[in-house]
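*Asks:* next come a sequence and a model predicted from it.
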Amino acid sequence: MEGTTFMKLTIIGGGIAGLSAAYYATKKLSNVQITLIESDSRWGGKISTGRVTFDDGQFIIEGGPDTFLASKPWGVALCKELGLGERLHGTNPNQRNTYVLNRGRLLPLPDGLAMMIPSDIPSILRSGLISWFGKARMGLDFLLPAKSPNGDESLGAFVSRRLGRAAYENLIEPLMSGIYAGDGDQLSLASTFPYLRDLELNHGSLARGAISMRKKMSGNGVRSLPTSHRRRESSDSVPGSRSAFLTPTTGLAEIVEALVKHLQVSNVDLRLNTSVSRISTSYPKGDINSRYLVELEDGSSLDSDSVILATPAPVSGTLLASFDPSLASVLQSIPCASTATVSLAYRQSDLPRPLDGYGYVIPRREGRRALACTWTSTKFPHRAPEGYALIRVFVGRAGQDIPWNENDLLELAKEELNLTLGITAKPILSRVFMWENAMPQYNLGHPEKLKQVDSALEKYPGLALAGNGYRGIGIPDCIHSGELAVEQVMRDLSRRSDMNVALHGLHQENL
Ligand SMILES: Cc1cc2nc3c(=O)[nH]c(=O)nc-3n(C[C@H](O)[C@H](O)[C@H](O)COP(=O)(O)OP(=O)(O)OC[C@H]3O[C@@H](n4cnc5c(N)ncnc54)[C@H](O)[C@@H]3O)c2cc1C
């Protein structure tokens, strides 16, 4: 359009946060030229789905995340907008067992955990995971007064205070810390599970709060997975069944593929294999007209009105170091744990025991190097061809070293499966995914870091951050962070244009 000035928005990082930011920028901003830059040769970041054709069927192997939480609305909303609503499935409703490794044996997780907190007392009483003494200590939760609100505490300290250390170590820690591959005694309650503190304050007891929350939980209306990919259209899919977790039929990469397709038709400048080395600005702090120079590793640069950094927090710190060292050092101080996943496929007939559930979690106190094991082909039956089992071992947690090469990780995973499940057969295929510094740790002090970051960013109109380093590590949170970053940029750009229109008016009056 003649006379139209296009603003330039550069988004750095093509994981789910950066892709979502680009998507919402195409929806919410007009007259903006959008460039999305990714250093890797593929889109998706931690979302990495392998589809392996085998014996007339397909293995769907997730290297990173394998589902997302349905209760956080941003994942479902984006999928629906992308036309993927009908392709979302829940976990298998027919074999819902989850086990906890306890002194080397698998014991079932008690029923009735509401957002991970026990809400079914008879089932806790029956559980072999906690001693009678530990169970009696859990009961004190109904009597202990709520602590008055005075700041943050660690997840471990909070749960131990309410339910006792035994319940924390044997039951809650493996579930909660597993999400962050973290150390619960370091994780900040306020940054990871703030609703638990609300339960304590509002109900006077975690269990009472969980019981009330369980009553309120309503279905999300998505159907669960069919028992086999080949039988996808048959009647054994269960319309309307509820699931806390969702995933598209052929893996989370469907979301990435749909986003990229949308960005291509929206004329977003999409650049793979392009690494950003530095961002600079010559404008004084707070100047509403600030522009940014995005410098690329090949020596070229992009002049931008506005920049969204959707790279991991420490990387974003490095990129900003030249013009705000103190903001950079806060971002770089957000620790990240390295993890790996090892997927192994077996003939069902080679397994010594049925995989009758979603898998098992391993408490830190068991001293194993694996964190959890997902029985993928039971959790999502269509992810392995008929007659085969797909298992995924999750390795690595904060504060624990793991071997950092594919062969050793594979051996570690096989050893775990041998020790716990007695599997000695040779897998028919295996895939190892290594994720270095992938899991941000929202440790004690994280809320204060976020305040420092927010106040520093106020001095840089047009600059915003997105991604898993700040206010949520899960896919829905990352999607939301991309949308919020676009809204921030939109406010800055509109303030800039209002200011310039006003200045122009003043200038005309003075002539
Ligand atoms: C093994 C594993 C399992 C997980 N399981 C789940 C799960 O089941 N459910 C769930 O909701 N979440 C899960 N998560 C968390 C979730 O996957 C991540 O938090 C989320 O995908 C991160 O998205 P992001 O866009 O913030 O970051 P990333 O995906 O890390 O994207 C950042 C991108 O920036 C690029 N980049 C870095 N530096 C530069 C540079 N200088 N220039 C240009 N580009 C650059 C990177 O290559 C990368 O693609 C899991 C994570 C892991 C590792």
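*Replies:* Arrived safely.

*Asks:* hey, which helix or strand in this structure has the poorest pLDDT?
*Replies:* strand 113-114 (a mean of 80; mean pLDDT, DSSP states H and E).

*Asks:* quick one: name whatever helix or strand follows that one.
*Replies:* As assigned by DSSP states H and E, the chain's next helix or strand after strand 113-114 is strand 117-118.

*Asks:* now that following strand: mean pLDDT?
*Replies:* Taken as a whole, strand 117-118 has an average pLDDT of 86.

*Asks:* ditto for stretch 365-375
*Replies:* For stretch 365-375, the mean pLDDT works out to 94.

*Asks:* residues in contact with it?
*Replies:* If you take Cβ atoms under 8 Å, 6 or more residues apart in numbering as the criterion, stretch 365-375 is touched by 66, 101-104, 169-170, 174, 178, 181, 339, 355, 357-362, 389, 391-397, 400, 402, 412-413, 416-417, 420-421. No exception for glycine: its C-beta is placed from N, CA and C like everyone else's.

*Asks:* just how off-centre is that stretch within its chain?
*Replies:* Chain-centre distance of stretch 365-375: 19 Å, with Cα atoms, centre = their mean, to the nearest Å.

*Asks:* what of stretch 262-281?
*Replies:* How far stretch 262-281 lies from its chain's middle: 23 Å, per Cα atoms, centre = their mean.

*Asks:* how about residues contacting that stretch?
*Replies:* 12, 14, 19, 22-23, 26, 33-43, 82, 260, 290-298, 307, 309, 311, 319-323, 460.

*Asks:* spell out which parts of the stretch 401-511 of the chain neighbour the ligand.
*Replies:* Proximity of the stretch 401-511 of the chain to the ligand (Cβ under 6 Å from any ligand atom) is limited to residues 435, 438, 439, 467, 468, 473, 474, 475, 478.

*Asks:* buried among the contacts of stretch 262-281? Make that a PyMOL selection.
*Replies:* Buried residues among the contacts of stretch 262-281 (16 or more other Cβ atoms under 10 Å), as a PyMOL selection:
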select buried, resi 12+14+19+22+23+26+34+35+36+37+38+39+43+82+260+290+292+293+294+295+296+307+309+311+319+320+321+323+460
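
*Asks:* now intersect the contacts of stretch 262-281 with the strands, please.
*Replies:* Here DSSP state E is the test, and these give 12, 33-37, 292-296, 307, 309 as lying in strands.

*Asks:* let's have those in a markdown table, adding pLDDT and distance to the ligand.
*Replies:* A markdown table is the format used below for the ones in strands among the contacts of stretch 262-281 (pLDDT from 0 to 100; distance: Cβ to the nearest ligand atom, whole Å):
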| residue | pLDDT | distance to the ligand |
| --- | --- | --- |
| 12 | 98 | 5 |
| 33 | 96 | 18 |
| 34 | 97 | 15 |
| 35 | 98 | 11 |
| 36 | 98 | 9 |
| 37 | 98 | 5 |
| 292 | 96 | 14 |
| 293 | 97 | 15 |
| 294 | 98 | 9 |
| 295 | 98 | 10 |
| 296 | 98 | 8 |
| 307 | 98 | 12 |
| 309 | 98 | 9 |
